[in-house]
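Visitor: fold the following, please.
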Amino acid sequence: MRAVLIPVKELSQAKLRLADDLTPQERQELALAMLTDVLDACVASGCFDIVAAISNDSEVLWHVRERGARAMAEPATVRGLNQSLTFGLRYLARRLAVDELLILPADVPLVRPEDLRAVAEALGTDGIARVAIVRSQDGGTNALALRPPDAIPMRFGPGSADAHLAEASAAGIEAVELAVERLAFDVDVATDVDALASLTLGAATARWRDAWAAEKRAG
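Guide: Below is the predicted model:
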């Protein structure tokens, strides 16, 4: 069984690096728009038995359910992204018999269903333990496919692509690094927001961009 797991921050903490450029409401609306497009692309890909998101934010969890995906409440004892993902992947593997997992961030608004199929299929069909990774523009990890789901420890954070590859090497697990341009782009800083003006986005993020641009012109 194959699943995708999307970690989502509490909305009040969404995109804090954009605090000088966007209001809290704009940041929250942008985060939800990108999440919507990511969830929709996962469903449209047709390659996941389970599309799930994990968060400690009740509004996020409600939104995930509204999109037809599985909402996983992050336990209060969890601290940080890596612990959250570890809890989520263990739950999916042990309770729902997931044996292949794709971890995907919620802020990759260019993602298309075919991108997700390419990463998921990079694990192959031979059943051998394997990791597939897409590096972000700044060296982070913007997609991480795992068989089994706990093949390597979670090392998300600065330089996580190299950290995940090192974990795979240490465990003697084959790692495949993929170049997927749309997945390499995420939204973290003001220049990323500016870049949205000329990019082909998912429908929800495009609506946010157009409304934000119109407000800027009016203001």
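Visitor: CA only for contacts and neighbour counts going forward, please
Guide: Noted.
Visitor: tell me where the chain has strands.
Guide: In the chain, the segments counted as strands under DSSP state E are 2-7, 50-55, 70-73, 100-103, 130-135, 141-147, 174-178.
Visitor: redo those as TSV? Include distance to A190 and mean neighbour count.
Guide: Converted to TSV, the strands of the chain look like this (distance: least, Cα to Cα, whole Å; neighbours: other Cα atoms under 10 Å):
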stretch	distance to A190	mean neighbour count
strand 2-7	22	24
strand 50-55	25	23
strand 70-73	30	19
strand 100-103	25	25
strand 130-135	20	25
strand 141-147	19	25
strand 174-178	26	17
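Visitor: against S55, how distant is the residue most central in space within the chain?
Guide: With distances taken as Cα atoms, centre = their mean, P105 lies nearest the centre of the chain, 1.5 Å away. As defined by Cα to Cα, to the nearest Å, P105 lies at a distance of 12 Å from S55.
Visitor: and H63, by the same measure?
Guide: 11 Å.
Visitor: before we move on, back to that, hey, what's in contact with both of P105 and S55?
Guide: P7, V8 (Cα atoms under 8 Å, 6 or more residues apart in numbering).
Visitor: what residues are up against the residue nearest to D192 when sequence neighbours are not counted?
Guide: Computed as Cα to Cα, 6 or more residues apart in numbering, the closest residue to D192 that is not its neighbour in sequence is D186, at 7.3 Å. The contact partners of D186, by Cα under 8 Å, 6+ apart, come to D107, V108, P109, S136, N142, D192.
Visitor: can you pull the pLDDT of D186?
Guide: The per-residue pLDDT reported for D186 equals 96.
Visitor: from now on call the first residue 535
Guide: OK, 535 is where the count begins now, so the last one is D720.
Visitor: rebuild the contacts of D720 as JSON lines, extending it with distance to G614 and pLDDT.
Guide: Output for the contacts of D720, formatted as JSON lines (distance: Cα to Cα, whole Å; pLDDT from 0 to 100):
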{"residue": "D641", "distance to G614": "17", "pLDDT": "97"}
{"residue": "V642", "distance to G614": "20", "pLDDT": "98"}
{"residue": "P643", "distance to G614": "23", "pLDDT": "97"}
{"residue": "S670", "distance to G614": "20", "pLDDT": "96"}
{"residue": "N676", "distance to G614": "17", "pLDDT": "98"}
{"residue": "D726", "distance to G614": "24", "pLDDT": "96"}
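Visitor: compute the inter-axis angle for the longest helix seen in the chain and strand 584-589.
Guide: Using DSSP state H to assign secondary structure, the helix with the most residues in the chain is helix 558-579. Between helix 558-579 and strand 584-589, the angle comes out at 160 degrees (axes from the mean of the first three to the mean of the last three Cα atoms, to 10 degrees).
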